[in-house]
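Chemist: Need coordinates for the following:
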Amino acid sequence: MLSTKYSSSLNIPEGFPLVLKNFLREVLRAQPSNIYEFGATHFQKLYKQQQETVEDVFARFSEEELASLVADIFKTADADGNGFLDLDEMHDLLNSDQFGFSKRQVRRLIIELDENDDGVISYEEFAPLVVAILSQMPQMSDTFQDRKMLYDSPIHGYQKREFDNRLMSVFEKVDVEKTGKLTKANVYSVLRSSELNFSRHEINFLIQELPNVDMVDYTNFVGFIFYYLLDGLCQGILYSPLNVEDVERKLTDTFAVFDSEGRGCFDFKMIRNCLRKVDLGLSEIQIDVIMGEVEFNEDNLIVWRQFVPIASRIIYNMINLDVLSQHGTILRTTIQSTTIHELSGDNLRRMVKESLLAYDENKNGNVLEEDALRALHNVDIPFTPGELSVIRSCCFPTSAEVNIELAVEKIWETLLYLEMHSRMTQILM
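Modeler: This next block holds a predicted model:
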């Protein structure tokens, strides 16, 4: 408090003595000829620095300077010096004042980390990714899309109720003691093994939402996963392709890795496996629909460089955020009103089942892939070559034998999704 007998009391702003002390030090150091001009310049510079964002500050660093800064911070956080940080330690570090990241930036960073899926982060994983993202921060968009517009949209091909049911069934199978709780490691394992095929980014993103407890109540967690993923998409944290070419680059890179001998052709199951490995978060039912577009050469193989552009357009329409909002209504009306080849679900399932049972020589309820394909060719339903490829994909993704009851349900479900996809394609054309 500063006062004289001629004036009222004045409040000294917090921190002012330090500002004044620093100014005097600069005056003594610079010995300016005009202290008023020097003061004006000094305080204008201070004001400008206060207005700078974290992005502005990091933009002044070179990549070499950022790498050095990141190395120092990582070593400080690595208290035991073993060269690794677990995800909780990483979360605390990125939320610390040392970086000044927003919550959105922290979430985006963490989904990029742990590339080898071992649950810990090495300096080799941490440094290049953090440096790259720090370098890009000035260009990072903070635009948000309205999640409400996407409430009816399918995620991984399913609307929320079916999405939750499928995920819950996997959790319940792992929970052999029926406690409703699993360890974080088990939750991580379930997310990786689910037929929804969550991408690495999605899994890392979801793991951040787990409570900091030893045993996770998955019955509550599962109900929020759909909305967590919607948030990640709307906030630009999770991947939504900018264009078809963006998807095509990802597919080409993945297929090229598997084609190390440069043959240019894969069999049916290898093409399907590549789609799973591309890490775009394509669920099994989405992959099945994409497989309906394969074309075989004279050797019964698929030329993957011809297949990739076709698959890329389909995938873009499945996962692009702008297109996704249109899927919900189409999927709902397809499920409620569709017949396939003018057959109701009950009739189509009955006919397919009868045809498959005719090839069940051992009467054990199972049928081999080659026999199933014969049965589907012979059934009195005019399946197209594309539909037969879709059925082959959904019933025989890895095994050469399938249970007839399961196959019948999978065939109907997948043909419904294929019909929805066909309607969506017509709208977008």
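
Chemist: tell me the contacts of G157?
Modeler: G157 sits next to S283, I285, Q286, M318, Y417 when contact means CB atoms under 8 Å, 6 or more residues apart in numbering. Where you see a C-beta, it was placed from the backbone N, CA and C, and this is true even at glycine.

Chemist: what about it, distance to P241?
Modeler: 16 Å (CB to CB, to the nearest Å).

Chemist: Switch the contacts of G157 over to a markdown table; also include neighbour count and secondary structure.
Modeler: Compiled in a markdown table, the contacts of G157 are given as follows (neighbours: other CB atoms under 10 Å; DSSP: H, G, I helix; E, B strand; the rest coil):
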| residue | neighbour count | secondary structure |
| --- | --- | --- |
| S283 | 23 | coil |
| I285 | 25 | helix |
| Q286 | 25 | helix |
| M318 | 24 | helix |
| Y417 | 22 | helix |
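
Chemist: how about the strands in the chain?
Modeler: Using DSSP state E, the strands of the chain run over 2-4, 7-10, 84-86, 120-122, 181-183, 215-217, 265-266, 302-303, 366-368, 401-403.

Chemist: what's the neighbour count on G345?
Modeler: Each residue near G345 was counted by other CB atoms under 10 Å, and the total is 16.

Chemist: can I assume it is in contact with W412?
Modeler: Yes. Using CB atoms under 8 Å, G345 is in contact with W412, at 5.5 Å.

Chemist: quick one on the thing from earlier: determine which of the strands of the chain approaches L275 most closely.
Modeler: Of all the strands of the chain, strand 265-266 sits nearest to L275, with 10.7 Å by CB to CB.

Chemist: Now the closest one: average pLDDT?
Modeler: Throughout strand 265-266, pLDDT has a mean value of 96.

Chemist: helices or strands up against that strand?
Modeler: strand 302-303 (3 or more CB pairs under 8 Å, 6 or more residues apart in numbering; DSSP states H and E).

Chemist: ok, back up a step: for the strands of the chain, give me a markdown table that also has distance to E295 and mean neighbour count.
Modeler: Formatted as a markdown table, the strands of the chain follow (distance: least, CB to CB, whole Å; neighbours: other CB atoms under 10 Å):
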| stretch | distance to E295 | mean neighbour count |
| --- | --- | --- |
| strand 2-4 | 85 | 8 |
| strand 7-10 | 83 | 8 |
| strand 84-86 | 47 | 17 |
| strand 120-122 | 43 | 19 |
| strand 181-183 | 43 | 16 |
| strand 215-217 | 45 | 16 |
| strand 265-266 | 11 | 19 |
| strand 302-303 | 7 | 18 |
| strand 366-368 | 24 | 20 |
| strand 401-403 | 24 | 17 |
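
Chemist: Present the ones you listed as JSON lines; the columns should include distance to L233.
Modeler: Formatted as JSON lines, the strands of the chain follow (distance: least, CB to CB, whole Å):
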{"stretch": "strand 2-4", "distance to L233": "55"}
{"stretch": "strand 7-10", "distance to L233": "53"}
{"stretch": "strand 84-86", "distance to L233": "27"}
{"stretch": "strand 120-122", "distance to L233": "24"}
{"stretch": "strand 181-183", "distance to L233": "26"}
{"stretch": "strand 215-217", "distance to L233": "23"}
{"stretch": "strand 265-266", "distance to L233": "30"}
{"stretch": "strand 302-303", "distance to L233": "31"}
{"stretch": "strand 366-368", "distance to L233": "39"}
{"stretch": "strand 401-403", "distance to L233": "34"}
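
Chemist: For S189, which of the ones you listed is the nearest?
Modeler: Once the strands of the chain are compared by CB to CB, strand 181-183 is nearest, at 8.7 Å.

Chemist: Note down every partner strand of the closest one and its orientation.
Modeler: Partners of strand 181-183 in the sheet, by DSSP bridges, are strand 215-217 (antiparallel).

Chemist: Ranking helices and strands of the protein by mean pLDDT, which lands last?
Modeler: Scoring the helices and strands of the chain by mean pLDDT, DSSP states H and E places strand 2-4 at the bottom, with a mean of 45.

Chemist: Give me the distance between the closest residue to F163 other than its chain neighbours and K184.
Modeler: Excluding the flanking residues, the one nearest F163 by CB to CB, 6 or more residues apart in numbering is F226, at 5.2 Å. Distance check for F226 against K184: by CB to CB, it reads 20 Å.

Chemist: Of these two, which one has the most company?
Modeler: More neighbours surround F226 than the other of F226 and K184, with 21 against 18 (other CB under 10 Å).

Chemist: now the nearest residue to A77 once chain neighbours are set aside: how far from H201?
Modeler: In space, and not counting its chain neighbours, A77 is closest to L93: 4.6 Å by CB to CB, 6+ apart. In this view, L93 and H201 are 19 Å apart by CB to CB.

Chemist: In the stretch 201-350 of the chain, where is pLDDT below threshold?
Modeler: The stretch 201-350 of the chain contains residues with pLDDT under 70 at 325-337.

Chemist: for the stretch 51-200 of the chain, same thing?
Modeler: For the stretch 51-200 of the chain, the ranges with pLDDT under 70 are 51-61, 63, 66, 87-88, 97-102, 104, 110, 112-120, 129-152.

Chemist: now the helices for it?
Modeler: 54-59, 63-77, 87-94, 103-112, 123-136, 160-174, 184-193, 200-207 (DSSP state H, counting those that start in this stretch).

Chemist: Quick one: closest of those helices to F268.
Modeler: Using CB to CB, the nearest of the helices of the stretch 51-200 of the chain to F268 is helix 184-193, at 22.8 Å.

Chemist: how far does that closest one sit from the chain's center?
Modeler: In terms of CA atoms, centre = their mean, to the nearest Å, the centre of helix 184-193 is found 15 Å from the chain centre.

Chemist: buried stuff in it?
Modeler: K184, N186, V187, Y188, V190, L191 (16 or more other CB atoms under 10 Å).

Chemist: what packs against that helix?
Modeler: helix 160-174, helix 200-207, helix 218-234.

Chemist: what residues does it touch?
Modeler: If you take CB under 8 Å, 6+ apart as the criterion, helix 184-193 is touched by 117, 119, 167, 170-171, 174, 182, 198, 202-203, 206-207, 210, 214, 216, 218, 221.

Chemist: go on, stretch 364-372?
Modeler: Contacts of stretch 364-372 (CB under 8 Å, 6+ apart): 356, 359-360, 375, 392, 395-396, 400-405, 407.

Chemist: From what I see, I340 and R349 are in contact.
Modeler: No. Counting by CB under 8 Å, I340 does not reach R349; the two are 10.1 Å apart.

Chemist: which residues do those two both contact?
Modeler: W412.
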